[in-house]
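Enquirer: quick one, what's the 3D model for this:
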Amino acid sequence: MQLQRPSFIQEQRLRLNPQQIQSIKLMGLPIVDLREKIEEEIERNPALEVLEDHTLLSLDAAYAPRKEEYDYFETSSDSGFVRKGGDEESAERHKFLEGALSRPETLQEHLLWQFKLEVLDDELRRIGELLIQNLNEDGFHKEPVDLLLKHENPAHIAGVIALIRSLDPVGTCTADYRESLRVQAALLPKAPPGIIDVLDYLEPLERGRIAEVTRKLGRTEEDLRACFERIKELSPFPGRRFAADTTRYVVPDVQVIRKEGEFVIILNDEEIPVLGINPFFMKIAGHTGGTPGEKADDKPARDFVKENIKEARWFIQSINERNHTLLRVSRAIVEFQRPFFVNGPKHIAPLTLRDIAQELGLNESTISRTARGKYMQTEWGIFEIRHFFTNSISGAGSGGSQYSKEGVKEIIKELITTEARHFSDKEITELLSTKGIPLARRTVAKYRNELDLGSSYTR
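Expert: As a prediction, this is how the structure comes out:
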């Protein structure tokens, strides 16, 4: 019979209290998410209040002349604001309001406007409107046409589809991008003969297998190149230029500017409201010292006030620690990446989290959390802070080659965008070698694909 006996086990565990967990979470929040978190905390904790909020401005305040210290995050020397009185300022305000209330035209609206100009009977117009409303953002059918209009005359459907396909943008009301390209190619003015057949061989043509395609189609290489050049004019997804703008605007957390030969790092605290403790709660807390004759019923209220003040103070301290750490990390990045800030993106040096962690005496996870999702505005553009952490091309962190992966990618991008002719990956490899950058051809191809740049043939 097996007996259970009590035993003692000694072990070490790291436990984090709720305040420490909150501080860690705040450390990883970019400025937009931090503001949302602050709003949530203000709603939850009545002891916390906003003392100042620079983001809540009236139109009059927004158009008022601003001092130089508030111009940290201007993207150019011309802010676009007219700072003159009279009719000119009034016109600018009116223009601003019009722009704020306007929205882009959708694909359906654009097609329906053209379709209504056509002379058609009610039946055909109804079929056309159903077909247009059935299009997705690419311009393709959401539901199959035979299910959408299964009780309609097939001849009527075919005629209306042909009409919609000829409207701007050409090639909508199709099943997929292949059918759309065929429709667009058929409607091309002065299209090269046999261009429709060439569309069946796009993949081998993109890979440069011209001889294989010429043999299968019985065409000359010159004919194929002429067809391929016209195909490049087509849009595989014609409806996308009317898609809703889903651009996510980046708000930089820090800005680096050069002033009198030195770099100045500015924390974007304009987006973060200034927080404080509610005076009413402080007044109550000052009179809850347990005086004689105090009622026992007051104890829950006293505990509630003290707990909320404690949490509010910890929350404010956590935000200050987040900002202080972000400022320290940014200052260290500027020191390590000084060639980048002086000469541009091509000169970014290999840098690892360990380098910054050792410099600041912090943990690598703290550096990673501080850099994640946050952006830095420089004179060369806005970059995610993680962009400055990049391995060398030898893959040995910051202790390998003097050239970083991101720096070499910028050099490749410059070679391709300024090329007098279309360089092949082998030629780019040779050009990099002359600059003292040894790379294999397949590595050049990999970097080129990461930059979303096509091969020499497709370019």
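Enquirer: going forward, measure contacts and count neighbours with C-alpha atoms only.
Expert: Noted.
Enquirer: flag the shaky bits of this structure, pLDDT-wise.
Expert: 1-20, 54-103, 208, 244-248, 287-297, 392-403, 419-421, 454-459 (pLDDT under 70).
Enquirer: domain parsing for it?
Expert: When the chain is parsed with automatic domain parsing, its domains come out as 107-242, 259-450.
Enquirer: among these, which is nearest Leu29?
Expert: Taking Cα to Cα, domain 259-450 is the member of the domains of the chain nearest to Leu29, at 7.3 Å.
Enquirer: between the two ends of the closest one, how far is it?
Expert: Start and end residues of domain 259-450 are separated by 35 Å (Cα to Cα, to the nearest Å).
Enquirer: ok, now stretch 167-178?
Expert: Length of stretch 167-178, first residue to last, Cα to Cα: 18 Å.
Enquirer: could you shift the numbering so residue one becomes 8, and keep it that way?
Expert: Got it, the first residue is 8 from now on, which makes the last one we talked about stretch 174-185.
Enquirer: so for it, what gets flagged as buried?
Expert: Within stretch 174-185, the residues scored as buried using 16 or more other Cα atoms under 10 Å are Leu174, Pro176, Val177, Gly178, Thr179, Cys180, Thr181, Ala182, Asp183, Tyr184.
Enquirer: rewinding a little: for Glu47, find the nearest of the domains of the chain.
Expert: Glu47 sits nearest to domain 266-457 of all the domains of the chain, at 11.8 Å, using Cα to Cα.
Enquirer: all helices of the stretch 208-357 of the chain, in order?
Expert: Assigned by DSSP state H, counting those that start in this stretch, the helices in the stretch 208-357 of the chain fall at 209-213, 217-224, 228-238, 286-293, 305-343, 345-350.
Enquirer: which stretches in the stretch 358-466 of the chain count as helices?
Expert: In the stretch 358-466 of the chain, the helices defined using DSSP H, counting those that start in this stretch lie at 360-367, 371-378, 412-424, 432-441, 448-457.
Enquirer: nearest to Glu130, out of the ones you listed?
Expert: helix 448-457 (49.5 Å).
Enquirer: pull out the buried residues from the closest one.
Expert: Applying 16+ other Cα under 10 Å to helix 448-457 flags Arg448, Val451, Ala452, Tyr454, Arg455 as buried.
Enquirer: ok, now stretch 204-223?
Expert: Going by neighbour count (16+ other Cα under 10 Å), the buried part of stretch 204-223 is Val205, Leu206, Tyr208, Leu212, Glu213, Ile217, Val220, Thr221.
Enquirer: work out for me the element Leu188 sits within.
Expert: helix 184-193 (DSSP states H and E).
Enquirer: who are the packing partners of that helix?
Expert: Secondary-structure packing of helix 184-193 (3 or more Cα pairs under 8 Å, 6 or more residues apart in numbering; DSSP states H and E): helix 202-205.
Enquirer: what distance separates the helix it packs on from the centre of its chain?
Expert: Distance of helix 202-205 from its chain centroid, counting by Cα atoms, centre = their mean, to the nearest Å, is 37 Å.
Enquirer: please save the CA atoms from it in PDB.
Expert: This file holds the C-alpha atoms of helix 202-205, laid out as PDB (Å, rounded to 0.1, in the frame of the first residue of the first chain):
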ATOM      1  CA  ILE A 202      -2.100  39.400 -77.100                       C
ATOM      2  CA  ILE A 203      -4.900  37.300 -75.700                       C
ATOM      3  CA  ASP A 204      -2.900  34.100 -76.200                       C
ATOM      4  CA  VAL A 205       0.100  35.600 -74.500                       C
END
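Enquirer: circling back to that earlier point, tabulate the helices of the stretch 208-357 of the chain (JSON lines), appending distance to His429.
Expert: Compiled in JSON lines, those are given as follows (distance: least, Cα to Cα, whole Å):
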{"stretch": "helix 209-213", "distance to His429": "14"}
{"stretch": "helix 217-224", "distance to His429": "17"}
{"stretch": "helix 228-238", "distance to His429": "15"}
{"stretch": "helix 286-293", "distance to His429": "69"}
{"stretch": "helix 305-343", "distance to His429": "35"}
{"stretch": "helix 345-350", "distance to His429": "27"}
